[in-house]
Every structure is written in structure tokens, then in C-alpha cells.
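Student: sequence and predicted structure, then a few things I'm wondering about:
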Amino acid sequence: MTNSLFSPEFQSILETAKRPGPADPSPFPSPADWRDQAIYFLMVDRFNNPSSPPNHAPFDDSTFAKFQGGKFSGVQAQLSYIKGLGTGAIWLSPVLKNLPFEQTYHGYGIHNFLHADPRFADVPANADDELRKLVDAAHSAGLYVILDIVLNHTGDAFAYVCDSGETSCTSSGGAQADFRSFARPVLWRDATGAARFPDIATIPSPPVDALVWPVEFHKNDYFRRQGTGAGTIGDFDSLKQFRTDLDDVQRFLIRAYQYVIARFDIDGFRIDTLRYLLNDLPRLFGNSMREFALSIGKKNFFTFGEVFVGDAEQQIAQFIGRATSDQSQMVGVDAALDYPLFFNLKPVVKASSPPSDLVAMYAFRKQIEANILSSHGDATRYFVTFLDNHDVKERIRFVKPGDEHKFDDQVTLGIACLYCLPGIPCLYYGTEQALHGVGNDEAVREALWGGPGFDKASFYYRQISRMAAVRNAQPALRYGRFYFRPISGNHTDFGVSTFPNGVLAFSRILNDEEVIVVANTSTTDSRALDVIVDSNLSRPGDVYRILYSNKSAPSAPSAVQGKAAGSVTVQEVDGGTGRGPLNSVGVALDAMEVQVLGK
């Protein structure tokens, strides 16, 4: 079991991946295009354990912040369930080894960057092999595996020496401390969690269940040691920040995660806290992962980062790809989690914001990313899109007390829009089983197997599977050009809805195919309206059919109608005004109904 980046065993893993022998499996090839793969994101500890119920009941207790007992084998046991949702890839929460004396069930407190956490294994000593077995089984089931990784910080591996009167430090036992402009004295923890050693480099027989590994990280200067964060500098509560501005730290992190690709045959990385990384590490890391993956036959290894902040558009543009004005040959991280879409699509779906807000978001993105290219070209087309996740403290499904199912159709409306908008859609585990936690992190991290379980006949499972099948059958929904469509309720005046409870309409066009999505976000009113379609692709009399509706008895659209020049007024998406001619299709939608239309 290697704990050095330069040991013979470590090097052997890398070399075998590059040049497998007759008895060695070749690295699993990448997908041709990641837009073909809807993603299913699950938290390993909270997903499934075939051998035991959750450690704590009820399964959705929002006050429980410890390990529930999910296992690698639990994920493996439900691969067909995941695949049945129309999924092409699994995103696993971090699985590398966290400190044994910590309750970091979420996995973001990594202290050993080369090995899997024994707590996720049925046989703890075989954790690495069990993770690889899961990945191999996923590949056999036709699923790629994306691993959530951390570069910015490590676990609570040391305690601060508290200043006199420093209450935050003394009350936490040195786990947290006030920010200082200089490196503070620390005591590294032993395998029991006791703070003992002032200098990691001089610890005799350093314990493998403490400190930070691999051994190349055994230098105090590689850790910031300035206390809780100020902006992007400093610890995340008790999670201790690396000095990612240092060349050696960057080099060691890169080499460690190249080993993770080789050892576990991972297909992509989701990079936590991307905006906190310093000294151009996002670009260097993305480029290094891509080049290593290419060297072992993974020709489309995928990296996307988390930029969870209000002005995410501007910051995302700093970290993904490269600007066309940049003369460097390096292209960094491929894409980002689409937080700007989350912050705009969710309130539109919930009827608290107008569809015009979403239009404005995409217009702003086009402006910000005008000169940004990823390794795939247009980065926006590869953003990982979502409606909820483990960090946003509220699942997309809202349950009204006394009327549990009143807003259920908002979920299917939102998912249909998500699966049809540009990007790679990501479904958060449990959405398909009607989970509806709200309030804090633990509220949306339920132990799924201790609650509704894995019912393939459940309402949301069937609806999501249907929508995924439509996306998989329609290339335009994966690769097509994207246009918002003006609508009209009086057949004459067209524009984008500028009020909450409005109708969102857009189309995806690929070659000679146009797929139209129309979503009525009103929670009470049905709507009959006309939607503009491409006049070069549709003629009067053409008929669109419903590819998907979240209602059991949807009204079929009317045939395409032509409207003469001067007979209509169109407030164009770009702000201009048009007078026709145009072609439109008539649709009738119930409250909270979405229709996906194609020929």
C-alpha cells in the first residue's frame, strides 16, 4: 500500500495504465461526447447499504451529521436502477480516505489522497479494491464514473495553538481559529485525534491514520495555518487549507490525482471549491489531467469545477478553458457546475421569477464568455446543469402541509426544462423517489435506502426515465443550437414572458430538426398561446407531436400557421421589434404543464 508519490508501487500503477500487459485491463475509453451522458449524483454514505439499515433513524433526520453507513457495494447493487433512469454517468461524492477520528461522512475532509476510505468498504482493508470493483461494474453496465475531488483543503489534521481569550479556538479544541495574517503555530494530531506534534516533518513513525498523505505533504509550510477563511484565503471551518500557490503543492496534487485515474479507472473529476485555487492551478490541473488521460487512452476525460458564488459567471470565465487572447497552449478545466442556471431556472420553475430572467442570464453569459474556449470549444454546452444538490439546502420538490402533491408537477416541469436546455443534466439522488428535504445540508442528504428505497415504479422514476428517453432519442436536445422563443396569448403580440407564473419557451435546432419546449409555470391557470418556430424548417400546415408531457392527457398542438408581414408585433429576444412574417404553432397547457414537441 503506497503512501509516496515516487515509490516503485506508485510508479508501477502509472506505467501499467500507460502500457498494460497481457493480463492487465486497459483503461476504459471515454465517451465520444459527454453531452450524451446525463449524470446521476449520489452521496456514497447516504445512498445504499445492502447488508444493514442506516445507522440512525429516521432516514431523513436533518440533525444527524454522522456516518449512516452507505457502501461501495450499495452503489454497485443499484447500477441497473441508476441506468434505468436513462443515466450515462455516476458522480460519486468524495471517496478518498478521511481521518478515521472525524465524522466527515460527506468525504470532503480527505487526509490520504491515494486511497479509498475504509468506511465505504465491506472489508475495510480492501477499500481500494472495492472502489475499483465498483468502477469496473459501472463500466460493464454502460455507466461512466465521475469522482468528486478536493484540491483546496484537507481534513482536521492539526489543531491550532489558541491565543489567550480566543473563544472560537478554545471551544473547538483548536479545530478552528480566528484568521491571522501570518502562519500560526499548530499541533498535528495523532491517530486518536489528540493534538501532539508541532512539526509534521519530524514526527517519528508518522501514523497512517493521521496527518496528511502521501508523505510528500509532510511539511508545515505546505499548509496555510492562518485560521478560518477570509474570502478565498483560509480554512473551511475545521478543514485545513493547502498552500496551492506553491509549485510543489501543485505538483504533488496533480501527481496524486493522476494516480487516482490510473488506479481506479475514473472517467472524470468534479473539482470542489475551484475558485479558491491559486497560482493558475485550475488551468494547470485541468490540462494535466487531460494530458495524462490521453496518454493512457482516455481521450475525453472530463473535468468540471464548482464555483458557488453570486457573481459566478465572471468567476467561471476565469477558471475554465482559456481566453482566445491567451497565447498559452494550455486549456484548463473543461466546464463548471452551472450555478447561474440554478439560481435562475429554479425560481422560474417555482413561478417566483419571470422567464425573462432566464433569457437575461443567457444573454449575459454570452457576453462574458465571448472569448472563452474550453477543450471542447463552447464551454457553455458542457456545463453540468442541475436543479438541486447536496449544498443548496433545499430539494426541488416542495411539499405543502395538508396538500402534499399540490406542486409535484413543478418537479417534472423543471426536469424536462433541465434535460432540454444546453449542457449535461445532473439528477440528484432521491429526486426520483420524491425526497423533499429542506433547511440545512443534512436535510437534503437523506439515507435513501432507509426511506423510499429504489422503487422503479414510482411516479418520478417513471417520469424521469421517460424524459431521459426523449433526450437520448433527440440529437437536437443534446447538440442543437439554442433559441428562446417569443410567445403570444392573443395571436398577434409576441414576446418573452416578463412576469412570474409566465410561460417559458425555447427550441433546440440541429440541421433540419427543431424541438420545441414550452413550460407553463403558473400554479393555477391554464394557457393557450402561439409559439414562434423556425420558418425555414416549418411550413404552414406542418404538425408537431408531443414527445413528452408531464400531464396524463395533454392537448395536442395545432398545425403550424403562417402570419403575414405587418399582422403581428414581435418583441425580439435581443431587444429589437419585428413585424413578421413568421410561423407559429399553437399549444394549450394546463397549470404547471410542460410539453416537448417534435415532428
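Tutor: Perfect, thanks for sending it.
Student: neighbours of Glu9, just the number please.
Tutor: Residues near Glu9, counting by other CB atoms under 10 Å, number 10. For every residue, glycine as well, the C-beta is placed using N, CA and C.
Student: residues in contact with it?
Tutor: Met1, Thr2 (CB atoms under 8 Å, 6 or more residues apart in numbering).
Student: shouldn't it be within a helix?
Tutor: Yes: the assignment for Glu9 (DSSP: H, G, I helix; E, B strand; the rest coil) places it in a helix.
Student: okay, Asp334: pLDDT?
Tutor: According to the prediction, Asp334 has pLDDT 92.
Student: ignore what I typed, I meant Arg381.
Tutor: At Arg381, pLDDT is 83.
Student: hmm, Arg35 and it touching each other?
Tutor: Yes: at 6.7 Å, Arg381 counts as touching Arg35 under the criterion of CB atoms under 8 Å.
Student: need the residues touching each of these two.
Tutor: Gly423, Tyr479.
Student: residue ranges of the strands in the stretch 451-599 of the chain, please?
Tutor: For the stretch 451-599 of the chain, the strands defined by DSSP state E, counting those that start in this stretch cover 481-484, 487-488, 493-494, 503-510, 513-520, 527-533, 545-549, 561-563, 569-571, 577-578, 582-589, 594-598.
Student: need those strands in JSON lines with mean neighbour count and distance to Asp122, can you?
Tutor: Output for these, formatted as JSON lines (neighbours: other CB atoms under 10 Å; distance: least, CB to CB, whole Å):
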{"stretch": "strand 481-484", "mean neighbour count": "16", "distance to Asp122": "45"}
{"stretch": "strand 487-488", "mean neighbour count": "22", "distance to Asp122": "55"}
{"stretch": "strand 493-494", "mean neighbour count": "19", "distance to Asp122": "60"}
{"stretch": "strand 503-510", "mean neighbour count": "22", "distance to Asp122": "44"}
{"stretch": "strand 513-520", "mean neighbour count": "24", "distance to Asp122": "44"}
{"stretch": "strand 527-533", "mean neighbour count": "22", "distance to Asp122": "53"}
{"stretch": "strand 545-549", "mean neighbour count": "19", "distance to Asp122": "40"}
{"stretch": "strand 561-563", "mean neighbour count": "18", "distance to Asp122": "63"}
{"stretch": "strand 569-571", "mean neighbour count": "16", "distance to Asp122": "61"}
{"stretch": "strand 577-578", "mean neighbour count": "12", "distance to Asp122": "64"}
{"stretch": "strand 582-589", "mean neighbour count": "22", "distance to Asp122": "49"}
{"stretch": "strand 594-598", "mean neighbour count": "25", "distance to Asp122": "42"}
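Student: report the buried residues of stretch 236-250.
Tutor: Residues Phe236, Ser238, Leu239, Lys240, Gln241, Phe242, Arg243, Thr244, Leu246, Val249, Gln250 are the ones in stretch 236-250 that count as buried (16 or more other CB atoms under 10 Å).
Student: return the subset of the residues you listed lying in strands.
Tutor: Per DSSP state E, strands hold the following members of those: Lys240, Gln241.
Student: of the buried residues of stretch 236-250, which one scores lowest on pLDDT?
Tutor: Confidence-wise, Phe236 trails the rest of the buried residues of stretch 236-250, at 93.
Student: for Phe197, which non-adjacent residue is closest in space?
Tutor: Trp188 (4.1 Å; CB to CB, 6 or more residues apart in numbering).
Student: how about Tyr548?
Tutor: Val596 (4.2 Å).
Student: state the distance from the closest residue to Phe236 other than its chain neighbours to His115.
Tutor: Spatial nearest neighbour of Phe236, excluding adjacent residues (CB to CB, 6+ apart): His153 at 5.6 Å. Distance of His153 to His115, computed by CB to CB, to the nearest Å: 18 Å.
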